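*Asks:* Provided below are the primary sequence and the corresponding predicted coordinates.
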Amino acid sequence: MKMGTALIYDEEMTKYKLLWVDPVCKIEVPERLIVSYEALVKSGLADRCVSIPVREATDAEILLAHSEEYLEAVKKTPFMHLEELMTFTQKYGDVYFHPNIYHCAKLAVGATLQLVDNVMTGKVRNGMALVRPPGHHSQSSAANGFCVFNNVAIAAQYAKKHHKAKRVLIVDWDVHHGQGVQYCFEDDPSVLYFSWHRYEHQSFWPNLRESDFDSVGSGKGAGFNVNVPWNKVGMGNSDYLAVFFHVLLPVAYEFSPDLVFICAGFDSAIGDPEGHMSATPDIFAHLTHLLMNLADGKVCAVLEGGYNLTSLAQSVCQTVQTLLGDPAPRPAQLGGACESALESIHSARAIHKKYWSCLQHAAAPFPEEPSSKNRRLAQQGGSQGPEGDAGGDAQKEEPEKVEEKEEEEIVWPEPLRRVAPSLRSALLLPDAVECPDGCARFSPAHGPGPLERARLRKSYLKESEDEASVTLLYNLTALLGQMEKNEIRNGLALVPDVSMAATLLTSASLSKRVLLVWMGEGPVPAQIIEDEKTLVVHIDSMEPHEAQSKYYIPITLKKGCGDTAGVVQAVLGLLLPLGYQYEPGLVLLARPPGCQVKGGLWQQLTCLLQGLALGHTLVLLQENETAPVGITASGLLGNAALSLGPLVAPGPEDVGSFEGLRLRLQTDWPLLQTTAPEKR
Ligand SMILES: CC(O)(O)NCCCCN
Ligand SMILES: [Zn+2]
């Protein structure tokens with residue numbers, strides 16, 4: 001499986017800047033690229049990437065998303081003097097021109113296309129293009145929002161045309177709505193555009209009615225445009241993850257793209273003068289990780305915005321370090337999404353439930369959605385209308401002005417170093433089973449002493465004389481010990497008895513919290529369920545029985561774990577939110593005998609769970625079922641899981657039971673929430 005992360009950057013793109021006074025544009029400075037690249041160099045990340053040179057985009061490539069007259073007009077700007085540049089700029093909104101910006105804009109597009117070429121031909125697995133000017137606001141015949149050519153829109157068209165990409169996902173986590181991208185693919189079902197953005201009921205730039213959640217695309221493209229507007233500032237890590245778990249990822253997995261772009265704007269990070277959000281730079285490591293198992297790992301991150309030079313540089317490093325496969329950081333204390341975010345999530349799921357089967361049954365019955373009319377009245381009354389003053393004849397209550405007071409210094413902790421253990425994956429296999437290449441067969445420094453043997457035999461083997469089993473159990477605890485000391489990142493063990501092994505590991509673990517994921521036939525040993533430090537998430541066709549506690553969560557699938565669509569939605573909408581909120585120090589993934597989970601899905605699960613517990617995932621397989629060893633090892637080694645292909649609808653009765661479970665659990669586990677409290 002292809003590894004390697006491309007980094008595409010050229011300092012030529014720093015060689016343009018604002019030449020006159022413009023308070024809106026003054027934040028888009030060359031230093032944005034300089035500090036980002038320098039941070040990558042200083043942290044050693046740049047050296048670990050495959051450096052790919054930029055190139056200029058050709059006219060034909062630019063014309064994939066822009067009109068000839070616009071391109072011809074921009075071509076004249078290098079020869080303009082200051083007044084002409086200022087006049088030319090007046091034709092567009094919130095953007096500026098410079099004699100060298102056309103050259104840099106061609107390099108920004110060219111850099112993005114270089115990234116696409118290298119990813120689509122398999123020279124690298126994924127990569128990042130550090131570019132300016134950004135792209136996602138520019139339109140067929142207009143520059144806008146610091147953007148001249150729409151880098152990602154052009155690249156998506158290019159990937160379809162030159163690399164036969166069939167389905168392209170664009171995830172726009174910039175804090176502004178990339179309306180240019182939305183317009184470009186409005187009626188195109190082969191490009192799924194997802195964007196969250198600061199909106200505040202249309203009172204935030206670019207103040208577009210079509211940035212709201214009810215813009216779903218048109219014609220054949222209906223359903224392939226997903227907007228999640230933030231109607232308040234201050235959105236944080238829990239809000240971002242909740243949108244991924246409950247809106248983006250279920251739809252993305254159902255869409256099953258063969259290429260993923262990230263419009264990687266970091267003005268959605270804390271400290272940004274545009275975003276005023278609270279999410280910390282490490283969240284981008286998790287957002288990136290959660291996208292890396294789509295499209296066989298083919299992910300192209302392209303810089304958009306980001307104007308706080310500190311959080312920008314930190315967020316770029318978090319993103320690239322994850323693309324390189326380093327362990328994810330421990331997410332900051334996660335709670336549930338805030339009420340405003342829940343309303344946006346609720347609205348987005350509701351409007352899309354007729355387009356996406358994963359949302360078809362899931363979205364709870366919706367009370368009367370505010371119609372666009374009374375939404376508009378609300379916004380005119382509650383906050384400034386698009387023309388910047390309280391519009392209409394709504395009651396003249398003072399609109400809540402977002403005071404643009406002088407930036408008080410916002411501080412946040414620097415992301416913790418993410419240290420990858422020297423050994424990534426250790427396997428405990430019977431000698432007869434060959435060790436997949438890239439992995440190391442685990443053998444502890446020394447064997448168990450007589451006392452240790454006696455204890456293990458007494459506690460787990462009912463005094464049996466079977467020395468091999470004693471040795472195996474001892475080796476398991478030794479492997480666990482090395483993982484918890486971060487000497488090994490993850491592991492796999494073939495064991496004669498998955499229940500016994502899981503019982504041993506949960507009791508031997510030094511972690512304050514252990515997540516045990518049990519995929520198939522139970523019962524899960526009572527000793528584990530009673531162990532209050534272990535959260536058990538059990539997915540199977542078991543009858544939905546009330547025997548759950550806060551820490552034993554049975555997820556029922558009528559057709560059992562063989563139902564890929566059902567398992568995917570259970571994993572994305574229930575298991576991952578539970579896991580992220582629980583914040584375990586160790587993740588055990590148990591595959592009991594007769595487990596029906598299909599290979600590709602098992603690999604997805606093995607990969608996705610590595611976003612937890614600093615990647616300390618220990619997989620337990622039944623000794624005589626060696627088939628999953630290879631794909632499990634591949635996932636543990638950091639290879640992207642293969643794409644599952646477009647998903648069918650999960651069974652209605654299953655999703656009904658998921659919703660019932662969600663409603664029952666969300667008080668204890670608020671990250672499961674998908675609707676605002678009073679709307680339940
Ligand atoms: C790339 C971008 O989305 O960060 N541009 C933001 C432009 C804001 C204009 N008021
Ligand atoms: Zn932005």
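*Replies:* Sure, I can see it. Ligands and ions are numbered 1, 2, ... in the order given.

*Asks:* and Asn144, how many neighbours?
*Replies:* 18 (other CB atoms under 10 Å). (Glycine included, C-beta is placed from N, CA and C.)

*Asks:* just the pLDDT for it.
*Replies:* Predicted confidence (pLDDT) for Asn144: 98.

*Asks:* just grab the bridge partners of it for me.
*Replies:* Gly93, Cys147 (DSSP bridges).

*Asks:* Leu334 reaches Tyr580, doesn't it?
*Replies:* Yes. Taking contacts as CB atoms under 8 Å, Leu334 lies within contact range of Tyr580: 5.6 Å.

*Asks:* identify the contacts common to the two.
*Replies:* Jointly contacting Leu334 and Tyr580 under the rule CB atoms under 8 Å, 6 or more residues apart in numbering are Leu241, Leu671.

*Asks:* ok, and the closest non-adjacent residue to the residue of the stretch 101-250 of the chain found nearest ligand 2?
*Replies:* The nearest approach of the stretch 101-250 of the chain to ligand 2 comes at His176, 3.5 Å away (CB to the ion). Closest residue to His176 apart from its sequence neighbours, by CB to CB, 6 or more residues apart in numbering: His197 at 5.4 Å.

*Asks:* what does Val302 give?
*Replies:* Ala129 (4.8 Å).

*Asks:* what's the spacing between the one you found and ligand 1?
*Replies:* 14 Å (CB to the nearest ligand atom, to the nearest Å).

*Asks:* same thing with Glu304?
*Replies:* 4 Å.

*Asks:* contacting residues around the residue nearest to that residue when sequence neighbours are not counted?
*Replies:* Nearest residue to Glu304, sequence neighbours excluded (CB to CB, 6+ apart): Gly265, at 3.4 Å. The contact partners of Gly265, taken as CB under 8 Å, 6+ apart, are Pro134, His136, Asp172, Trp173, Asp174, Val175, His176, Leu303, Glu304, Gly305, Gly306.

*Asks:* out of those, which are buried?
*Replies:* Neighbour-count burial within the contacts of Gly265 applies to Pro134, His136, Asp172, Trp173, Asp174, Val175, His176, Leu303, Glu304, Gly305, Gly306; the criterion is 16 or more other CB atoms under 10 Å.

*Asks:* can you put those residues in JSON lines and add pLDDT?
*Replies:* Rendered in JSON lines, the data for the buried ones among the contacts of Gly265 read as follows (pLDDT from 0 to 100):
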{"residue": "Pro134", "pLDDT": "99"}
{"residue": "His136", "pLDDT": "98"}
{"residue": "Asp172", "pLDDT": "99"}
{"residue": "Trp173", "pLDDT": "99"}
{"residue": "Asp174", "pLDDT": "99"}
{"residue": "Val175", "pLDDT": "98"}
{"residue": "His176", "pLDDT": "98"}
{"residue": "Leu303", "pLDDT": "99"}
{"residue": "Glu304", "pLDDT": "98"}
{"residue": "Gly305", "pLDDT": "98"}
{"residue": "Gly306", "pLDDT": "98"}
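
*Asks:* could you point out which element follows the helix or strand of the chain with the lowest mean pLDDT?
*Replies:* Across the helices and strands of the chain, mean pLDDT, DSSP states H and E gives its lowest value to helix 372-382, namely a mean of 54. Proceeding N to C from helix 372-382, the next assigned helix or strand is strand 423-428, under DSSP states H and E.

*Asks:* may I have that following strand as CSV, with CA atoms only?
*Replies:* Presented in CSV, the C-alpha positions along strand 423-428 are these (Å, rounded to 0.1, in the frame of the first residue of the first chain):
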residue,chain,number,x,y,z
LEU,A,423,8.1,0.2,17.0
ARG,A,424,4.7,0.7,15.5
SER,A,425,3.0,-2.7,15.5
ALA,A,426,3.8,-5.8,17.5
LEU,A,427,2.1,-9.1,16.8
LEU,A,428,1.6,-12.0,19.1
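
*Asks:* what helices and strands are in contact with it?
*Replies:* strand 440-441, helix 467-484, strand 488-495, helix 629-636 (3 or more CB pairs under 8 Å, 6 or more residues apart in numbering; DSSP states H and E).

*Asks:* what mean pLDDT does it have?
*Replies:* 95.

*Asks:* outside of that strand itself, list whatever touches it.
*Replies:* With CB under 8 Å, 6+ apart as the criterion, strand 423-428 contacts 435-436, 438-442, 472, 475-476, 479, 482, 487-495, 629, 633, 636-638.

*Asks:* also stretch 16-32?
*Replies:* Against stretch 16-32 from outside (CB under 8 Å, 6+ apart): 14-15, 82, 85-86, 94-96, 98-101, 103-104, 132-134, 146, 273-274, 306-307, 309, 312.

*Asks:* buried subset of these, written for PyMOL?
*Replies:* Remark: buried members of the contacts of stretch 16-32, expressed as a PyMOL selection using 16+ other CB under 10 Å:
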select buried, resi 14+85+94+95+96+98+99+101+103+104+132+133+134+146+274+306+307+309+312
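
*Asks:* narrow the contacts of stretch 16-32 to those in helices?
*Replies:* In helices, defined here by DSSP state H, the members of these are Leu82, Leu85, Met86, Ile101, His103, Cys104, Leu309, Leu312.

*Asks:* would you map the strands across the stretch 151-300 of the chain?
*Replies:* Assigned by DSSP state E, counting those that start in this stretch, the strands in the stretch 151-300 of the chain fall at 168-172, 191-198, 225-230, 259-264, 299-303.

*Asks:* could you single out the most deeply buried of those?
*Replies:* With neighbours defined as mean count of other CB atoms under 10 Å, these peak in mean count at strand 299-303, which reaches a mean of 29.

*Asks:* export it as CSV, just CAs?
*Replies:* This file holds the C-alpha atoms of strand 299-303, laid out as CSV (Å, rounded to 0.1, in the frame of the first residue of the first chain):
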residue,chain,number,x,y,z
VAL,A,299,-6.4,13.0,0.6
CYS,A,300,-5.3,16.3,-0.8
ALA,A,301,-5.2,19.2,1.7
VAL,A,302,-5.0,22.6,0.2
LEU,A,303,-4.5,25.7,2.3
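
*Asks:* parallel or antiparallel, which strands does that strand pair with?
*Replies:* Partners of strand 299-303 in its sheet, by DSSP bridges: strand 126-129 (parallel), strand 259-264 (parallel).

*Asks:* quick one: name the residues of the stretch 451-600 of the chain near ligand 2.
*Replies:* Counting by CB under 5 Å from the ion, none of the residues of the stretch 451-600 of the chain come close to ligand 2.
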